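> Task: produce atomic coordinates for the following.
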Amino acid sequence: MRTRSYEEGDRDRILDLLNAESAWPTPEIGASPREYWEWKFLRAPSGAAMIGVVEEEEKILSHSAAIPFQMRIGAGRYLASQGLDAFTHPDHRKRGLIELATGQRDEERRRRGVEFDIAFTSDEHHAGFARRRGYRELRMKMVRYESIVDPDAFFRRGRLRAVKRLGYLLRGLLRSGSMGRMRKASSRFSVTDIQEFDSSFDEMFDAAKDEFDLVFWKDSRYLNWRYADRAAGEFVRMVARKGEGLAGFIILRVAGGEGGEYAEIADILVRPGTEGALETLMVGSLDYLRKRGASTVACWLPLGHPYATILKKAGFSSPENRIPRREMIVMYVNRSGRKEINDILSKEDLRVHLMLGDSDWI
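So this is what the prediction gives:
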């Protein structure tokens, strides 16, 4: 048995491993495993992924990877990475192989000079594994906001349909005034779909980044890799402009489910001080999703995020009594040991901009 870093020619054996238990990537991505793997692990703007593997008799039995990217923390820009796709073949579990693969991956992180790691999980078991490797939870909570786009499609599913519909109609009466005001505000903007992100998005991110203490560095190179490369999956990219000026963007993904199509908001960013930009993007995206036939839409945001106010006016809510509850746990390691990073992340009023598209859940 041998533990080592990724070598050219490993791809197909890694894909065999990742598909040993279920389809990788998920069918909703819409890309072939080879296309998706090469996009995810070879083409990231900050360099190829850091990968550790355990092999035996020419078979890869365990795998752990991390993708490098740039992150803004406080006033600094740092080389960061996100750990993902840690997996051991079902026939070889409980042998400590994932610890070996992850240790090799982390050695690659040190060689590359990675200063900060972030991880997203919904599983307390995985969170425990991360804690044993030195990860801590960010001082924030991710909240999943949801909205009904097509009431007829939504209420055809499940029990207590009449009671649920009545509650929805009552809430709709309360928010109808807010939506009317949002549509009025949106009349000052234009909303269009785009195929790629140009240099104007660099300037907008530069204007927006100081609104947050922690945010992925979302320049045009990153955005094109994450949301405009077909191998990453199908995303809808909508932008709001006021005259010739870029005011903000929203990224959607629509997928099919047992009860019909549903949507996720993968990302949002608006230019600070551009009143009405987020309202415009919400109105435009909800109109698009109705035409597309989506029954529901969801959006993850940190609790207390300034965008949440507009989401609520647009009819989004956070169903705390959902069973099972959906959790997103965000963890980190300050590999650099820099005091300024620790000081920022220990703030009581930490301003975090993290969304679903920052993870590899979508």
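
> rest of the way, CA atoms for contacts and neighbours
OK.

> How is the protein divided into domains?
For the chain, automatic domain parsing gives the domain ranges 2-114, 142-326.

> For this structure, name the helix or strand with the lowest mean pLDDT.
Sorting the helices and strands of the chain by mean pLDDT, DSSP states H and E puts helix 161-186 at the bottom, at a mean of 58.

> and after that helix, which helix or strand comes next?
As assigned by DSSP states H and E, the chain's next helix or strand after helix 161-186 is strand 190-193.

> name the helices or strands packed onto that next one?
Using 3 or more C-alpha pairs under 8 Å, 6 or more residues apart in numbering; DSSP states H and E as the contact test, the elements touching strand 190-193 are strand 236-242, helix 277-292.

> need the ones you listed in a markdown table with distance to Thr121 and mean neighbour count, can you?
Output for those, formatted as a markdown table (distance: least, C-alpha to C-alpha, whole Å; neighbours: other C-alpha atoms under 10 Å):
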| stretch | distance to Thr121 | mean neighbour count |
| --- | --- | --- |
| strand 236-242 | 25 | 21 |
| helix 277-292 | 27 | 20 |
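
> returning to that earlier point: the domains of the chain: which one's closest to Asp358?
Closest approach to Asp358 among the domains of the chain is made by domain 142-326 (7.4 Å; C-alpha to C-alpha).

> how far does that closest one sit from the chain's center?
13 Å (C-alpha atoms, centre = their mean, to the nearest Å).

> shaky segments in the stretch 151-300 of the chain?
Along the stretch 151-300 of the chain, segments meeting pLDDT under 70 span 152-177, 257-260.

> before we move on, back to that, how about the domains of the chain, which one is nearest Asn342?
Nearest to Asn342 among the domains of the chain is domain 2-114 (9.9 Å), distances taken as C-alpha to C-alpha.

> Give me the mean pLDDT for that closest one.
In this model, domain 2-114 carries a mean pLDDT of 96.

> same check, this time on stretch 349-362
Mean predicted lDDT for stretch 349-362 stands at 96.

> So Asp85: helix, strand or coil?
strand (DSSP: H, G, I helix; E, B strand; the rest coil).

> Would you tell me which strand is longest in this protein?
strand 59-73 (DSSP state E).

> Quick check: neighbours of it in the sheet, parallel or antiparallel?
Strand pairing for strand 59-73, using DSSP bridges, gives strand 50-56 (antiparallel), strand 76-88 (antiparallel), strand 214-216 (antiparallel).

> Find out how far it is from the centre of the chain, if you would.
15 Å.

> Report the contact partners of the most far-flung residue of the chain relative to its centre.
Within the chain, Glu57 marks the point farthest from the mean C-alpha position, 36.7 Å out by C-alpha atoms, centre = their mean. By C-alpha atoms under 8 Å, 6 or more residues apart in numbering, the contact set of Glu57 is Met1.

> nearest to Asp106, of the helices and strands packed on strand 190-193?
strand 236-242 (34.0 Å).

> Paired strands for that closest one, with orientation please.
Each strand paired with strand 236-242, and its direction, by DSSP bridges: strand 190-193 (antiparallel), strand 245-257 (antiparallel).

> Please identify the deepest-packed of those.
Greatest average neighbour count among these goes to strand 245-257 (a mean of 20), per mean count of other C-alpha atoms under 10 Å.

> So what touches the next helix or strand after that strand?
Remark: after strand 245-257, the chain's next helix or strand is strand 260-270, criterion DSSP H and E. Contact with strand 260-270 is made by 153, 204, 208, 247-256, 277-278, 289, 293-300, 355-358, 362, as judged by C-alpha under 8 Å, 6+ apart.

> Repeat that for stretch 234-241.
29-30, 189-195, 227-228, 246-254, 277, 280-281, 285.

> what do you get for stretch 276-283?
Contacts of stretch 276-283 (C-alpha under 8 Å, 6+ apart): 179, 182-183, 185-187, 189, 191, 238-241, 247-250, 270-271, 307, 310-311, 314.

> how does it look with 6 Å?
Residues outside stretch 276-283 that contact it (C-alpha atoms under 6 Å, 6 or more residues apart in numbering): Met182, Ala185, Ser186, Ala247.

> Let me know the closest of those residues to Lys40.
Nearest member of the contacts of stretch 276-283 to Lys40, counting by C-alpha to C-alpha, is Ala247, at 28.9 Å.

> and that closest one, what does it touch?
Taking C-alpha under 6 Å, 6+ apart, one finds Ala240, Arg241, Val270, Arg271, Ala277 in contact with Ala247.

> Quick check on the fourth one: phi, psi?
Looking back up the chat, that one is Arg271. phi -70, psi 130 (degrees, to the nearest 10).

> ok, now how distant is it from Gly83?
30 Å (C-alpha to C-alpha, to the nearest Å).
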